[in-house]
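1. fold the following, please.
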Amino acid sequence: MAPENSKDSHAMDQDVQPPPSKLLPKEAKKKKEEKKDEDLSEEDLALKQQLELYVERVQDGDPAIQKMALEAMRQEIRTATSSMTSVPKPLKFLRPHYGTLKSYYEKMVDSELKRYLADVISVLALTMSEDGDRESLRFRLQGSIGDIGSWGHEYVRNLAGEIGNEFQQRQTDEQPVDDLMDLVKQIVPFHVKHNAEPEAVDLLMEVENLELLTQHIDKGNYKRTCSYLTSFASYVPEPDDTLVLDIAYQLYCKFEKYPDALRVALRMDNTQYVKSTFAACKDLLEKQQLCYILARQGVLLELDEELADNDEQRELLQELISNSKLSEGYLTLARDLDVMEPKTPDDIYKAHLVDGRASAGASVDSARQNLAATFVNAFVNAGFVQDKLMTAPSMESSTGSSSGSWLFKNKEHGKASAAASLGLIVLWDVDGGLALVDKYLYSNDNHVVAGALLAVGIMNCGVHNECDPAYALLFESVNKEDPTIRIGAIMGLGLAYAGSQKEEVLDLLTPIVQDSKVGIEVAGFAAMALGLVYVGSCNEDVAQSIVLALMNRSEAELGEPLARFLCLGLSLLYLGKQDAVDATMEVAKTFHEKISKYCQVTLDSCAYAGTGNVLKVQALLSLCADHLEKGDSHQAPAVLGIALVAMAEELGLDMAIRSLEHLLQYGEQNIRRAVPLALGILSVSNPKISVMDTLSRLSHDTDSEVAMAATVSLGLIGAGTNNARIAGMLRNLSSYYYKDPSLLFCVRIAQGLVHMGKGLMTLNPYHSDRFLLSNVALAGLMSFLHGSLDMKSIILGKYHYVLYFLVLAMQPRMLITLDENLKPLSVPVRVGQAVDVVGQAGRPKTITGFQTHTTPVLLATGDRAELATEKYIPLSSVLEGFVILKLNPDYQQDHLSS
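-> Predicted coordinates:
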C-alpha cells in the first residue's frame, strides 16, 4: 500500500499548493493560470493519477506487477478516443513521463516485458519525439510482433511516413531493409482494408515494392486503386511511370476489365499488352468495344487466328478497327442535331454584323480572299459530304464544267488547295468521296491534279479501307516531273497512312529524301510524310535517310523555310519516346550550324512531348532566356517545346501558361512570335477565358507576325467549338484589318477553325478523359505549328496546304451509344464538367453542373458523360466516341419511370 499513498500525497502536493497571493501579484497570476490548467474534471483527474501510478508500477521490481501495469496502460491507450483536433487523453497525461519510461527501458534486460514497453513508448513517440528522430519506428522495430492496426489509424500513418524516410536513409548507407519490409507487409493490408488505398500505394512506392499491392486488392477496391495509379503515373519520373501503369494493367486484367486494361496498354504504348488484352477478352461485344477504342487511338492491329475466333468475326472486328464506321456515326450525329444544311463562308463571316467599312472593301473578288473562302468552306463542312462551293451542281450547264466554277476562281497554287478541300468535305467517306475527286485527277492543270492527289490522302486520313485506294492512286505521281504534283502525292501519302508504319511508303519516299537533286521543298514534305507514317516508332531507316539529307544539303538550301520540315520529320519519329532520342541528338550536333540547334530543340521537345518532364521545361526556358543575333531560329521551336512537354497534366499546363506570359514581356521578337502558337496548342479546342484575352490582346500587336500567330491561335483554341466570344473577336478583327490582306487571311482561317465541322469536331489530341494522347493528332498539330512559325513564306506563301495537316487531329467530339447490333441507340445521359475524384473518400459525384440529354451528344473539352438510366450497362468506363451498351439483367422496370 505504501507506494500508492506516497503517490497520492505526491499528486496532492502537485495539485493543491496555496498560492502566495499576498506576496507578489505577478506570481500569483501565474500560479492561478497553472491551477486553471490543472482544473481537470474528476474522471480526468482519476485517469491522470491512474496513469501516473502505472508509470510507477512499470518500474517495479516484480515482473508480474510490471506486466499488469503495462497491460493496463496498453488498454487505456488503445481504448482512448479523441476528437479530431485534440490528442487522446492518455497520451496527453503520459507526456511528462516519456523521458522516464525511455531511460528505464534502456536499463531493462531483454524480455517480453521490455518488448511490451517498447510498444507503448512507440505510441507515445507519436506526439513526443522530435522531428526526424523516427523514434516511433525505432521502438516499434524493438517491440512485440503484434497487430499494429489496433493502435489506431494515426499511429499507422505516422509509421508509414517514418518507414519511407528510414528506407531512403538505409538505401543511401547500403544497409539491409528486411525488418522494414516486414512492417510494410502489415501496414499495406491495414490501409487497403480501411479504404486508404492511395496511402498503401504511396508507401509501396517509397519502399520501391509496388508489386506487393496486387495480392491485397480485391473486387471491391480495384477501381479506386487503379484510378489512383493511373492518374498518379503522370507525376512519376520515368521509368517508374511505366511500372505504376504496369501494376494498374495487371489489376484490370485480373478483374477482367479489358477496355480499361487496353487503355492502360495504349498509354504505355505496349503492343504486346494490346494483343494479349485482345486475346484474353472472350466476349464478342466487349471485343467490339476494344476495337472502337483502338480505332480512336489510331492503332491498326492486324487480327490473326489467336485474336479472332473465325473469319466472319475477324472481318467484323477488322472493319471496326479500321474506323470505317466513323463517317456514318458522324453523320448520324449531324442529322440528330439538325446541322446537315451546308454552310457558305459568308454564313461564317456574318459580314452584316460588322460595321460599314469592311464590307465595302470586300466586294473585290481577290484570289487571296477566294483562297481563304476555300479553306473556311472546307473546315466548316468537313465530313458532311456536301457544300455549296465544291460539290454543288453547277448552274451553268452551257460550259459543261460542273462544279469547276469555284475551282477556277483560285489562282495557280490556290487551285491545289481548292481541289484538296474536296477531300476535307468528304472526310472519312472513302467510297463516296473517290467518285467526286476522280475527275480532277485527270485535269490538264498540274495544280488541280496535285490538289486532287492531296484530297485522296485527306479523305483516307484516320480510316483504312481494305482496297487501300490511297496508295494505288498516289504512288505513281510521287516521281512525276512537276514538284507541285509530287508534293501533293507525298503529303497525301503522309496523311492517309499516318501512324500505320506502312513499308511501301518507306521504300517509295526514302530515295526522294536522300536525293540531293530534288528541290528542298519536295524533300521536306517527303521527310514530313515519313515522320507521320512512322510517328513515335524510332524507325532507324527513316532516321538515317533524313539525317543524310540534312548532312548533304548546302547552306543555302538549309536556310530555306521548308528545310525545317526535314528536322520535324526526323523529330516525329521520336514523339514521346524520351531517351530513345539521345543517339540522334548527338548526330544533330554535327549538322551545319544553320540548322543544328533548330534540329536539336525540335528533337528534344518532340521526344518529351506530353510527358510533363519538369527538367526539360526548365532547359527549354533557359534557351529562351538567351539574347541572340539575327538569323538564329531555334528559340521559336523551344517555346513550342515548352507547351508540348507541359501539356501532359492540368497543373503543368497552367504553370506553362504563366511562364509564357513572362516570355511575352521579356522575350526577344522571335520568341514573342512563337508564344501565341504555344498558347494555342496548350488549350487547343478549349477556349479558356484567360488565354483568349491574352491572344486577343496580341492580335492587335504592332508586330504583324505576332498578330498573325495570335489570330490563328484564336482559331486553334476555339477549334470546333462555335465559341461566340471568339467568333465576335474575329469579326471585329476582320473589320480592323480589312486593308491588310495577309492578316485578313489569318482572320478568315481562324473563323473557319472556330466553326470547324459546324461545331461538331475537336482538335484536342487528348481523349478518354485526358488519359490517352493520340500521337498522330499531335503530329498533325505540330506540323501545322512549325509551318506557322514562318507564316509569310509558308502559309501566306504558296504552301498554304500545310493547313491540311490539321486533318490528322480532327475528330468528332461526340458520344454515340450503340446497341448489341451496333445500331445507334438513344438513351438519356448526363453531361457536365468533369470533377477529379481520385483518392477521395466515399462515392463522390464525378460530374458537376450537368444537363440531361439523349444520345448522340456533344462533349466539350473537360466534359464527362454518365448514363442517366440503370437499364443499360456501358461496356466502356469512359463514355466518349462509340460506346456499346448491353441490357442490365438486374434492371427492374419502375412503374413510375415508364
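2. do a quick rundown of the helices in the stretch 351-500 of the chain.
-> Using DSSP state H, counting those that start in this stretch, the helices of the stretch 351-500 of the chain run over residues 356-361, 367-380, 404-407, 412-425, 430-441, 446-459, 469-474, 483-496.
3. the third one - contacts with which helices or strands?
-> Okay, so that is helix 404-407. Applying 3 or more C-beta pairs under 8 Å, 6 or more residues apart in numbering; DSSP states H and E, we find helix 404-407 packed against helix 412-425. The C-beta positions use only the backbone N, C-alpha and C, and glycine is treated the same way.
4. what's the helix it packs on packed up against?
-> By 3+ C-beta pairs under 8 Å, 6+ apart, helix 412-425 packs against helix 367-380, helix 404-407, helix 430-441, helix 446-459, helix 483-496.
5. mean pLDDT lowest where, among the ones you listed?
-> Among those, helix 404-407 has the lowest mean pLDDT, at a mean of 68.
6. give me the buried positions along stretch 169-178.
-> Residues of stretch 169-178 classed as buried by neighbour count (16 or more other C-beta atoms under 10 Å): residue 177.
7. distance from the chain centre to it, please.
-> Mean C-alpha position of stretch 169-178 versus that of the full chain (C-alpha atoms, centre = their mean, to the nearest Å) differs by 36 Å.
8. pull up the distance across that stretch, start to finish.
-> Terminal residues of stretch 169-178 are spaced 14 Å apart (C-alpha to C-alpha, to the nearest Å).
9. quick one: low-confidence ranges for this protein?
-> Low-confidence segments of the chain, defined by pLDDT under 70: 1-39, 81-86, 129, 132, 355-365, 393-404, 628-632, 894-898.
10. let's see it at 50
-> 1-23, 33, 36, 358-364, 394-403, 898 (pLDDT under 50).
11. what's the longest helix in it?
-> Counting residues, the longest helix found in the chain (DSSP state H) is helix 153-173.
12. now for that helix, which elements pack on it?
-> helix 112-128, helix 135-142, helix 178-193, helix 197-206.
13. give me the buried positions along stretch 720-739.
-> For stretch 720-739, by 16+ other C-beta under 10 Å, it's 720-721, 723, 726-727, 729-738.
14. looking at the helices of the stretch 351-500 of the chain, which is buried most?
-> Most buried of these by mean neighbour count (mean count of other C-beta atoms under 10 Å) is helix 446-459; its value is a mean of 30.
15. what angle do it and helix 430-441 make?
-> 170 degrees (axes from the mean of the first three to the mean of the last three C-alpha atoms, to 10 degrees).
16. could I get helix 446-459 in CSV with only the CA atoms?
-> Extracted in CSV, the C-alpha atoms of helix 446-459 (Å, rounded to 0.1, in the frame of the first residue of the first chain):
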residue,chain,number,x,y,z
ASN,A,446,-0.9,20.4,-112.7
HIS,A,447,-2.1,22.3,-109.6
VAL,A,448,-5.5,20.7,-109.8
VAL,A,449,-4.0,17.3,-110.1
ALA,A,450,-1.8,18.0,-107.1
GLY,A,451,-4.8,19.1,-105.1
ALA,A,452,-6.8,16.0,-106.2
LEU,A,453,-4.0,13.7,-105.0
LEU,A,454,-3.9,15.5,-101.7
ALA,A,455,-7.7,15.2,-101.5
VAL,A,456,-7.3,11.4,-101.8
GLY,A,457,-4.9,11.4,-98.9
ILE,A,458,-7.1,13.7,-96.8
MET,A,459,-10.3,11.6,-97.1
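17. nearest to residue 581 among the buried residues of stretch 720-739?
-> residue 720 (31.8 Å; C-beta to C-beta).
18. and that closest one, how far from residue 289?
-> 25 Å (C-beta to C-beta, to the nearest Å).
19. and residue 775, by the same measure?
-> Counting by C-beta to C-beta - residue 775 and residue 289 are separated by 22 Å.
20. in the stretch 1-150 of the chain, which spans are helices?
-> Using DSSP H, counting those that start in this stretch, helices in the stretch 1-150 of the chain cover 2-15, 25-37, 42-58, 63-79, 89-94, 98-107, 112-128, 135-142.
21. nearest to residue 616, of these?
-> Using C-beta to C-beta, the nearest of the helices of the stretch 1-150 of the chain to residue 616 is helix 135-142, at 36.8 Å.
22. give me the helices and strands touching the closest one, please.
-> helix 112-128, helix 153-173, helix 178-193.
23. residues contacting it, please?
-> 114-115, 118-119, 121-123, 125-126, 128-129, 148, 155, 158-159, 162-163, 166, 179-180, 183 (C-beta atoms under 8 Å, 6 or more residues apart in numbering).
24. on that earlier part again, so which of the helices and strands packed on helix 153-173 is nearest residue 421?
-> Judging those by C-beta to C-beta, what sits closest to residue 421 is helix 197-206, at 50.8 Å.
25. redo the helices and strands packed on helix 135-142 as a markdown table? Include distance to residue 461.
-> Formatted as a markdown table, those follow (distance: least, C-beta to C-beta, whole Å):
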| stretch | distance to residue 461 |
| --- | --- |
| helix 112-128 | 62 |
| helix 153-173 | 49 |
| helix 178-193 | 46 |
